[in-house]
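**Q** Sequence first, then the predicted structure:
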Amino acid sequence: MYLNELYKEPKKYLGKEITIKGWIRSQRKQKDFGFIDFSDGTCFKHIQVIYDNTLSNYNEVDSFRFGSAIEVEGLFIESQGQGQDYELKANTIKLLGDVTEDYPLQPKGRPTREFLRDIAYLRPRTNLFQAVFRIRSIAAHAIHTYFQDNGYIYVHTPLLTTADCEGSDQMFKVTTLDMDNLPIEDGKCNYKEDLFGKKTYITGSGQLHGETFAMAFNKIYTFGPTFRTEKSNTKTHANEFWMIEPEIAFCDINDLMNIEEDMLKFIVKYVLDKCPDEINFLNNFVDNTLKEKLEKLVSSKFNRVTHKEAIDILNNANIKWEFTPSYEEDIAKEHEKYLTEYFNGPVFVYNWPKDIKAWYMKLNEDGKTVAAVDLEVPGAGELMGGSQRETDIELLRNRCKELGVDTEPIEWFLNLRRFGGCYHSGFGMGFERLLIYLTGIDNIRDVIPFPRTPGSCEY
């Protein structure tokens, strides 16, 4: 029996013999009896196993180490002690998988997150990462549920691509050529001898391919891994991460903000409903404002200001900024924090200066700004970034020329503007950024199973 099944209907099994298999999370030994804190990983809750010297292998059980895999058969009863409602009185306990003395996790003391990153293959066994990765699983399900229930098509966009969406300088190059014996022609590498016959990258975004499906299915989303070569060692950047990227036909920037707000509220409420034990644990041991913050977001009205209005607010604040707010530049982390505090909740900042945004965003009538929008949330800063897409093919070509974007590999994308195109919008949300917000964990390395960051590609 699994613990998640047991705890769904515990009264159904009271007074009955059951068998469970899992791991020792801790053990307290007395002279003639002992207690095992047992987990099988199927739910966040553990169960206390009681055993005494009537067991035929009592002395052996008494020596089972922390982390050992065991099988327990016993009587499921109401607990007489504090801290749990039910417990299992063991009739037999079998060792299924022993643990050597050099096991890196030990019951005494709480290991630091930095230490656990060095043994990432073992950290799912700790309570902290049991909570984090269970929430990751539930949040992923919430995302699919939201889009599927709202009529979106899930599109698997390619990981290998020749399309330059975020800038080729941020994309990993893929090749089958012998790096020690490259084919050189006129002083340059001859990619015609490569597998695909041209420069190929690992994707930095599924957006461009997603737009092709939006022009046929109306509403689509992608959800998968993306890769960037950015050499950044901040707490919010990684070289491999997951992205959610919806694209919606006949949708302007105001419609887009409505969708972003609706989706985020759905996901947060879904996690609150499905992961109460995990959220309570994180609220107690990571961030004691987490639960209140998440519950508040679900009932909040998301505010909306233009980039210019946001800069006005920042400039009028009686604060000496580390980075001076500018009408031509991005806003800094300190600005994001102030804006969410100023509005006491999430805030959309839209209509950004065109020179600091991507080439595919719709140029506004003022010729100076684009219909781009970022969502800032309390405690995490920027969570989503999106825009209405440019539909005028000549304006798009001009923007590509201005920003040095090679249009030859994306002619198929530009053709969407000639072949029955329509106004449309989309956004991207980094899944790990969302998880930082949902868990209160402040480092992206601790919300992804095996983090890939500069100088770190272990396992």
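**A** Structure's in. What do you need? In this text, all values refer to a predicted model and were calculated from it rather than measured experimentally.
**Q** Could you report the neighbour count for residue 320?
**A** 6 (other CB atoms under 10 Å). Every residue, glycine included, has its C-beta placed from N, CA and C.
**Q** got a pLDDT number for it?
**A** In the predicted model, residue 320 carries a pLDDT score of 94.
**Q** quick one: what helix or strand has the residue of the chain most remote from its centre in it?
**A** Relative to the centre of the chain, and counting by CA atoms, centre = their mean, the farthest-placed residue is residue 54 at 48.5 Å. For residue 54, there is no host helix or strand (DSSP states H and E).
**Q** What pLDDT is listed against it?
**A** 92.
**Q** mind listing the helices for the protein?
**A** For the chain, the helices defined by DSSP state H cover 3-8, 10-13, 58-61, 113-117, 127-149, 207-217, 253-274, 276-285, 290-299, 307-316, 333-342, 393-403, 411-414, 431-439.
**Q** Out of these, which one sits most buried?
**A** Highest mean neighbour count among those (mean count of other CB atoms under 10 Å): helix 431-439, with a mean of 24.
**Q** now what about that helix, what contacts it?
**A** With contact meaning CB atoms under 8 Å, 6 or more residues apart in numbering, helix 431-439 is reached by 131-132, 135-136, 139-140, 143, 223, 236, 238, 241-244, 267-268, 271, 282, 286, 290, 294, 377, 379-380, 382-383, 441-444, 447-448.
**Q** and stretch 68-82, which residues are buried?
**A** For stretch 68-82, burial by neighbour count (16 or more other CB atoms under 10 Å) applies to 68-70, 72, 74-76.
**Q** still on that earlier bit, tell me how far the residue farthest from the centre of the chain lies from residue 89.
**A** Relative to residue 89, residue 54 is positioned 10 Å away (CB to CB, to the nearest Å).
**Q** in the stretch 251-400 of the chain, which ranges drop under the pLDDT threshold?
**A** Judged against pLDDT under 70, the stretch 251-400 of the chain has no low-scoring part.
**Q** any low-confidence regions in the stretch 51-200 of the chain?
**A** Residues of the stretch 51-200 of the chain that meet the cut-off, pLDDT under 70, sit at 166-168.
**Q** residue boundaries of the strands in it?
**A** 69-78, 86-97, 153-154, 160-161, 173-174, 184-185, 188-189, 200-202 (DSSP state E, counting those that start in this stretch).
**Q** Please identify the most buried of the ones you listed.
**A** Taking mean count of other CB under 10 Å, strand 200-202 is the most buried of these, at a mean of 20.
**Q** That strand - contacts with which helices or strands?
**A** Secondary-structure packing of strand 200-202 (3 or more CB pairs under 8 Å, 6 or more residues apart in numbering; DSSP states H and E): strand 160-161, strand 173-174.
**Q** is it possible to export the ones you listed to CSV including distance to residue 44?
**A** Output for the helices and strands packed on strand 200-202, formatted as CSV (distance: least, CB to CB, whole Å):
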stretch, distance to residue 44
strand 160-161, 38
strand 173-174, 40
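**Q** if we can go back for a sec, I'd like the distance between the residue farthest from the centre of the chain and residue 74.
**A** 12 Å.
**Q** hang on, the earlier thing: so which of the strands of the stretch 51-200 of the chain comes closest to residue 216?
**A** For residue 216, the closest of the strands of the stretch 51-200 of the chain is strand 153-154, at 8.9 Å, according to CB to CB.
**Q** Tell me how far that closest one lies from the chain's centre.
**A** Relative to the mean C-alpha coordinate of its chain, strand 153-154 is positioned 19 Å out (CA atoms, centre = their mean, to the nearest Å).
**Q** Show me what it is packed up against.
**A** Short answer (3+ CB pairs under 8 Å, 6+ apart): strand 153-154 packs on helix 127-149, strand 219-227.
**Q** ok, it: who's next to it in the sheet?
**A** Applying DSSP bridges, strand 153-154 is found paired with strand 219-227 (parallel).
**Q** Name the residues that touch the partner strand?
**A** Contacts of strand 219-227 (CB under 8 Å, 6+ apart): 140, 143-144, 147, 150-157, 159, 171-172, 202-207, 209-210, 213-214, 239-249, 431.
**Q** buried ones in that strand?
**A** 219-224, 226-227.
**Q** Quick one: those as TSV, columns for pLDDT and distance to residue 420 too.
**A** Converted to TSV, the buried residues of strand 219-227 look like this (pLDDT from 0 to 100; distance: CB to CB, whole Å):
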residue	pLDDT	distance to residue 420
219	98	16
220	98	16
221	98	21
222	97	21
223	97	26
224	95	27
226	93	28
227	94	32
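**Q** which one of those residues is nearest residue 50?
**A** For those, the nearest to residue 50 is residue 223 (44.4 Å; CB to CB).
**Q** for residue 235, what are its contacts?
**A** So residue 235 contacts 442-445 (CB under 8 Å, 6+ apart).
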